[in-house]
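> sequence plus the predicted model coming up.
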Amino acid sequence: MSRIGKKPVMIPANVTVSVAEGNVVTVKGPKGELTHTFHPDMILNLEGNVLTVGRPDEEHLHKSLHGLTRTLINNMVEGVSKGYSKELEVNGVGFRCEKKGTQLVMRLGFSHEVIVDEIPGITIDVPAPNKIIINGIDKQVVGQFAAEVRSKRPPEPYKGKGIKYTTEVIRRKVGKTGGKK
């Protein structure tokens, strides 16, 4: 039995969960609403404020989907109640960012400004010229958007210039030594 799959999903008081025909789960909370369709073989039981996920048999596919389904539902519940955020840091001389309307404008050492538009379900905050905070209710969308912003100028290993996650550790390399022997 899957360790994660057999754990029940506790639903907070301010969140409502409904399971419709075909394993369509809708989660509504103070931050918004998320809907996802899960594999039809998974068994979803909603009793009061506890949702449990079961599987019909020990087939390899069902074992794989068991823990995944439970985790995705838990992420939906957490997203509509608390939300998710990713913090990015901009390092480099002259590298900075600012928010203009719904656009993130970054100066990253190119001859032009790099502009990224907010997408639906995502909000961008720029509390400092070298810090970007991406917020949203869908964990996958927040992570994907943060990865796309980071890909505009990933950190390089010699000086560490570029956009990195605040928790990311850059493996640094030593440069050339310079003299003849």
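Received it, and whenever you're ready, just let me know what you need.

> what lies in contact with the longest helix that the chain contains?
Counting residues, the longest helix in the chain under DSSP state H turns out to be helix 60-81. Contact partners of helix 60-81, identified using Cβ atoms under 8 Å, 6 or more residues apart in numbering, comprise 2-7, 9, 11-12, 14-15, 17, 25, 27-34, 36, 38-39, 41-42, 44, 51, 53-56, 84, 136-139. Placement of C-beta: from N, CA and C, glycine included.

> show me the residues you listed that map onto helices.
Lys139.

> buried subset of the contacts of helix 60-81, written for ChimeraX?
Filtering these down to the buried ones (16 or more other Cβ atoms under 10 Å) takes a single ChimeraX command:
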select :2,5,9,11,15,17,25,27,29,31,34,38,42,44,51,53,55,84,136,137,138,139
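
> show me where the protein dips below the pLDDT cut-off.
Counting by pLDDT under 70, the chain shows low-confidence ranges at 1, 178-181.

> how about the strands in it?
9-10, 16-20, 24-29, 32-37, 43-47, 50-54, 84-91, 96-100, 103-107, 114-117, 122-128, 131-136, 162-165 (DSSP state E).

> next, the angle from the third one to strand 32-37.
By that I understand strand 24-29. 170 degrees (axes from the mean of the first three to the mean of the last three Cα atoms, to 10 degrees).
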